[in-house]
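In: I would like the atomic coordinates for the input below:
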Amino acid sequence: MRVDKSGDASLCNSPGRLADYSLYLVTDDKFLTDKQNVCRTLIGKVREGVLGGVGLVQLRLKQADDRYFYNAAVRMKHLLSRYKVPLVINNRVDICVGVDADGVHVGRTDLPIKVARDILGGEKIIGATINFSNDEDIEMALNSHVDYLVHEHTLYESSTKQIAASHHEGLKQQIGTLLRKIKHLQERGKIYKPPLDSEAPPIIIIGGINTNNIDDAMTHFSDACAGVAVVSNLIGENCNSFFNALRLKFAIDKHKKGCNEAFVNLCVSCLRHFFWTNLEGDMRGVDGGHFRLATNVDVKKNVRHFFESNLNLKIVQLSPPAVCSSAGGGNFFLFCSRRTRVERAATEEREALVVTEANGATASTAATGEGEGTPTSHNPCVSKWIQQNKNIAHGVFILIGADLLALFRKLLAPEFFHTNNFVVITKREQSAWEAVRCDVRGASIQCCNNLINVALKNSHMDSEVVNRFAILLAYFLMVQERLKQVRPQFLTQIVGEGEAAAGAGENGRLLKLAAAVNMSFEVLSNEHTGLGVAAFST
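Out: So this is what the prediction gives:
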């Protein structure tokens, strides 16, 4: 139980209770227009919000009968489980248990927090609306190991909660009162002291928050809250749920994490939306196009079929002794070393020795391939392909292993590296390469001119998983080239002209790569994508 000022997934009192509170979607009865089909419209808007960056959803249906509430919860749980987003049920502990939701939210007049915790146990999320000035509310909440708190008054006037708004100064005073009372009650032995260095559980602010005032709200509360809860601006009848979620999440991340992290997360959301709308056969007019990847990786037949039938990615195999020209696979190429496992292990040990000058003109023995065990002899098919395709320009090459970069350097003139882009996947960082300053899931990213190194943090990752990661990375890089949504004219509407222009520059290119890496790992870790780590284990 800790105040999560970053808005990232917050570990509370149990490993089972993980949630990203930064953008919290709450439903409301007033937006139910499709009761015959168990709120099909509402489900669709929640889906768009989640793809846009919502990290937690609360199903709040105060006027619904039991059967309708239950059916809606079943539908919502089924939807959110695909995207790994927790579902919280408002007040109804019985429905939470019935659909195996991730937790409940209780208000001041609802079931007591302690009773909810006794019923649900320690693995479920419990959030509570309390009066920040009331000792009894605070004692019950903290002694019941509540996961987050919401003040009973709204920040701004709200169309869904007819209650007095606190506004900036009023809510700041109430949060200050809460923290002082928690400290006082701890000193008196009335409540448990939260672990770590937190002062209180995460605080969620709610009430009238929308894309027009989110910057103002975060200017005042980014250090005091873990996130914001939004209703009308995400599920309102006339709102664009995906677009609004993007804008809200970007503003939250910008204030809590900085512009780089906010830009990466925005690009991840765009990739996520493209991926799932393709996978679920619901493009609704989005020009997905077709993608081609030329590779010497031995891709299993069922994996190739999955990419081609679900994601419009045709994988062209460069199987020896055949050699494919650039026309056979478009401008994206993926190569892996043909070395034996023992030889690859030895190469990985030498990768730490790779030192490249800033201009990429010179390199150590390990980088150039000179000396004992040159890479040419281990990759004759790749060598032949390189020699026959020396005139390629504006291509993207993804290489698995630093020894392949050494091979390309050995056989190609420096001009080739000036007109093409290279992404090298290794298990160690490269010395003297510049690090990209942003949070990257499962890897670190470095750059040196047109060369980018993706160093995997899990050095024991199986080669089949690395290959699948590389294919996904290539796919998402292709999507970024094609997808109009991540280009400046779209970004200007989300982040403003200055930051959109920065996103189109060199730093933006690296941040988009970071987004592609993050999305690749997200797909690999989700069994519902069909590409999860265990999906093609046989």
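
In: pretty sure G49 contacts A245?
Out: Yes. Counting by Cβ atoms under 8 Å, G49 touches A245, with 4.6 Å between them. The way it works is simple: take the backbone N, C-alpha and C, and place the C-beta from them, glycine included.

In: any common contacting residues for those two?
Out: Contact with both G49 and A245 is made by residues L234, according to Cβ atoms under 8 Å, 6 or more residues apart in numbering.

In: Please parse the chain into its domains.
Out: 9-257, 291-529 (automatic domain parsing).

In: Which of those sits closest to R272?
Out: Closest approach to R272 among those is made by domain 9-257 (5.4 Å; Cβ to Cβ).

In: now that closest one: mean pLDDT?
Out: Throughout domain 9-257, pLDDT has a mean value of 90.

In: for the helix or strand containing Q186, which positions count as buried?
Out: Secondary structure assignment for Q186, by DSSP states H and E: helix 167-187. For helix 167-187, burial by neighbour count (16 or more other Cβ atoms under 10 Å) applies to H167, L171, Q174, I175, L178, L179, K181, I182, L185.

In: Verify the stated contact: the fifth one with I191.
Out: No. Shown here, L178 and I191 do not form a contact pair, counting by Cβ under 8 Å, at 12.0 Å.

In: what residues are up against Y24?
Out: V54, G55, L56, V57, Q58, I204, G227, V228, A229, V230.

In: Closest one of the residues you listed to P86?
Out: L56 (5.5 Å).

In: Any idea what that closest one is bridged to?
Out: Counting by DSSP bridges, L56 forms beta bridges with Y24.

In: wait, it sits on L18?
Out: No. Using Cβ under 8 Å, L56 is not in contact with L18; the gap is 10.2 Å.

In: between these two, which one's more packed in?
Out: The neighbour comparison of L56 against L18 (other Cβ atoms under 10 Å) goes to L56, with 28 against 16.

In: how about the helices in the stretch 401-538 of the chain?
Out: Assigned by DSSP state H, counting those that start in this stretch, the helices in the stretch 401-538 of the chain fall at 402-411, 414-419, 463-482, 488-495, 497-503, 506-524.

In: got it, and the stretch 1-150 of the chain?
Out: Under DSSP H, counting those that start in this stretch, the stretch 1-150 of the chain gives helices at 40-51, 66-83, 93-99, 113-120, 135-143.

In: contact partners of the third one?
Out: Translated: helix 93-99. With Cβ under 8 Å, 6+ apart as the criterion, helix 93-99 contacts 66, 69-70, 73-74, 77, 87, 89, 101, 103-104, 111, 115-116, 119-120, 124.

In: Just among the contacts of Y24, which is most surrounded?
Out: The contacts of Y24, ranked by neighbours (other Cβ under 10 Å): first place G227, 32 neighbours.

In: Next, that residue: phi, psi?
Out: phi 180, psi -170 (degrees, to the nearest 10).

In: pretty sure it contacts L23?
Out: Yes. Applying Cβ under 8 Å, one finds G227 in contact with L23, separated by 6.1 Å.

In: Can you give the distance of stretch 429-438 from its chain's centre?
Out: 22 Å (Cα atoms, centre = their mean, to the nearest Å).

In: Just the C-alpha atoms of it, please, in CSV.
Out: What follows is stretch 429-438, C-alpha atoms only, in CSV (Å, rounded to 0.1, in the frame of the first residue of the first chain):
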residue,chain,number,x,y,z
GLU,A,429,24.6,-3.2,-24.2
GLN,A,430,27.2,-1.8,-26.6
SER,A,431,30.1,0.3,-25.1
ALA,A,432,30.3,4.0,-26.1
TRP,A,433,26.8,4.0,-27.7
GLU,A,434,24.4,6.7,-26.5
ALA,A,435,21.5,5.4,-24.4
VAL,A,436,17.9,6.5,-25.2
ARG,A,437,16.4,8.0,-22.1
CYS,A,438,13.0,6.4,-21.7
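
In: pLDDT (mean, whole number) over that stretch?
Out: 88.

In: got it, and stretch 528-537?
Out: Rounded mean pLDDT across stretch 528-537 is 68.

In: what's the answer for stretch 474-490, then?
Out: 75.

In: likewise stretch 407-423?
Out: 94.

In: Regarding it, how distant is the last residue from the first?
Out: For stretch 407-423, the separation between the terminal residues is 14 Å (Cα to Cα, to the nearest Å).

In: now it: how far from the chain's centre is it?
Out: That offset, for stretch 407-423, works out to 32 Å (Cα atoms, centre = their mean).

In: Give me the buried positions along it.
Out: Of all the residues in stretch 407-423, those buried under the rule 16+ other Cβ under 10 Å are L407, F408, R409, K410, L411, L412, F416, F417, N420, N421, F422, V423.

In: Pull up the gap between the first one and N134, please.
Out: When you say that, I think you mean L407. 69 Å (Cβ to Cβ, to the nearest Å).

In: Let me see the ranges of the strands in the stretch 301-450 of the chain.
Out: 313-317, 332-336, 396-400, 421-426, 434-435, 443-448 (DSSP state E, counting those that start in this stretch).
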